[in-house]
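S.K.: The amino acid sequence is not available; the structure is as follows:
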């Protein structure tokens, strides 16, 4: 693949009401332009382990004509704020602000691309974003409650070998319910973030505006491949809500949780193939029209006005 | 779905064992014997088991003994599936 221009790093304008700056990374689209994509990252260590995959896919999408914006949510990565000052609603505000930044500069199809708990954020931010939104979900966790419990488990697991693991998660949940910040694996988690996450769910899809697509991608090494048990009912709910749903499994490792950083190139490929099926005006293309670009094409410079 | 095969597949995947789990038996020791199985990996394993089998694991369900060996882990999952 010909070299892509380097992504542009900048700070999104002051994000109210939480305040502070959010680090954003913009990947300019190669011609022909296909649409805009906002990436909403996963929670905690899953985010860290997924950085490389997010970068690979963002670059692949940019090479295929998509303007891609990645942001670090409040308290995460290089954005301002300590994680304990963050709240779920501040994260939703961040997602909305980032989507609006994209929409002001790039017309046509807008994709909200969530990874794991980022999917919950995408669904919750959507009603505050005007126009048609398509959704791209990577390994969605449909239950914020389960996501939180899986995260809190880090504390219990660290005490497991000492035999002190009973009741730990319950204790953390009780502390949060009482309004106390809890510390888990070096993360200081506020009730505003934890309880907001716990209340989030993919079960009640946002109302579809116009012809909206949901692309649901899962990575598995199972043979024969199958979607996770929890996925089918959620997919049905989104279909019932008027979304054109496309779900797919690809072969690969669970890179968001593996001990070593691993790649899932099939996921990058499936992502670009699926998104290329919808053109910049939101029209679904036929197979012959949508061809995955493996060569970056020379283009008029796509200027992003930060 | 063969529970033991599925559990071994998940172990290999999450711990990045690159195929070594294929040689594990029920007697293979896990927690304390596999260096890859630290507390973070334990959590990832529980998450992977929950997602793959569609079960919910409460803290009180498990302790160090659950992860003692392949056999104890498989029996734990079978028990949750039967419940």
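M.R.: That came in fine, so what should we check first? The structure presented is a predicted model; accordingly, all values stated were derived computationally and were not measured. Numbering: from 1, shown residues only, chains lettered A, B, ... in the order given.
S.K.: Dead centre of the chain: give me the residue that sits there.
M.R.: Let's take chain A. Nearest residue to the geometric centre of chain A (Cα atoms, centre = their mean): residue A:114, 2.0 Å.
S.K.: Hmm, no, I was thinking of chain B.
M.R.: Compute the mean C-alpha point of chain B, and by Cα atoms, centre = their mean the closest residue is residue B:73, 5.0 Å away.
S.K.: Let me know the helix or strand that that one is in.
M.R.: Taking DSSP states H and E as the definition, one finds residue B:73 inside helix B:70-82.
S.K.: Could you give me the buried positions within that helix?
M.R.: Of the residues in helix B:70-82, B:70-77, B:80 count as buried by neighbour count, 16 or more other Cβ atoms under 10 Å in any protein chain shown. Yep, even glycine has a C-beta here, placed from its N, CA and C like the rest.
S.K.: Could you list the contact residues of the stretch 1-150 of chain A toward chain B?
M.R.: Applying Cβ under 8 Å from any Cβ of the partner chain, one finds that the stretch 1-150 of chain A approaches chain B through A:45, A:146, A:150.
S.K.: Which residue would be the closest one in chain B to chain A?
M.R.: Closest approach between chain B and chain A, counting by Cβ to the nearest Cβ: residue B:54, at 3.3 Å.
S.K.: can you give me the strands for chain A?
M.R.: With DSSP state E as the criterion, chain A has strands at A:8-12, A:22-27, A:35-40, A:66-71, A:110-115, A:133-138, A:182-184, A:187-189, A:213-220, A:244-251.
S.K.: can these go into JSON lines with extra columns for mean pLDDT?
M.R.: Putting the strands of chain A into JSON lines (pLDDT from 0 to 100) gives the following:
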{"stretch": "strand A:8-12", "mean pLDDT": "93"}
{"stretch": "strand A:22-27", "mean pLDDT": "94"}
{"stretch": "strand A:35-40", "mean pLDDT": "97"}
{"stretch": "strand A:66-71", "mean pLDDT": "97"}
{"stretch": "strand A:110-115", "mean pLDDT": "98"}
{"stretch": "strand A:133-138", "mean pLDDT": "97"}
{"stretch": "strand A:182-184", "mean pLDDT": "93"}
{"stretch": "strand A:187-189", "mean pLDDT": "92"}
{"stretch": "strand A:213-220", "mean pLDDT": "96"}
{"stretch": "strand A:244-251", "mean pLDDT": "96"}
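S.K.: Quick one: closest of those to residue A:80.
M.R.: Taking Cβ to Cβ, strand A:22-27 is the member of those nearest to residue A:80, at 7.4 Å.
S.K.: Can you give the strand pairings for the closest one, parallel or anti for each?
M.R.: Using DSSP bridges, strand A:22-27 pairs in its sheet with strand A:8-12 (antiparallel), strand A:66-71 (antiparallel).
S.K.: Of the ones you listed, flag the one that's most buried.
M.R.: Mean neighbours per residue, mean count of other Cβ atoms under 10 Å in any protein chain shown, is largest over the strands paired with strand A:22-27 for strand A:66-71, with a mean of 26.
S.K.: So what touches that strand?
M.R.: Contacting residues not belonging to strand A:66-71 are listed as A:7, A:12, A:22-29, A:33-41, A:54-55, A:58, A:61-62, A:79, A:94-95, A:98, A:101-102, A:105-106, A:111, A:275, A:302, A:304 [Cβ atoms under 8 Å, 6 or more residues apart in numbering or on different chains].
S.K.: again with stretch B:29-48
M.R.: A:45, A:150, A:153-154, A:157-158, A:160-161, A:185, A:254, A:257-259, B:10-11, B:13-17, B:57, B:62, B:64, B:67-70, B:73.
S.K.: if we can go back for a sec, for the residue nearest to the centre of chain B, give me its contacts.
M.R.: For residue B:73, the contact set (Cβ under 8 Å, 6+ apart) comprises B:7, B:30, B:66-67.
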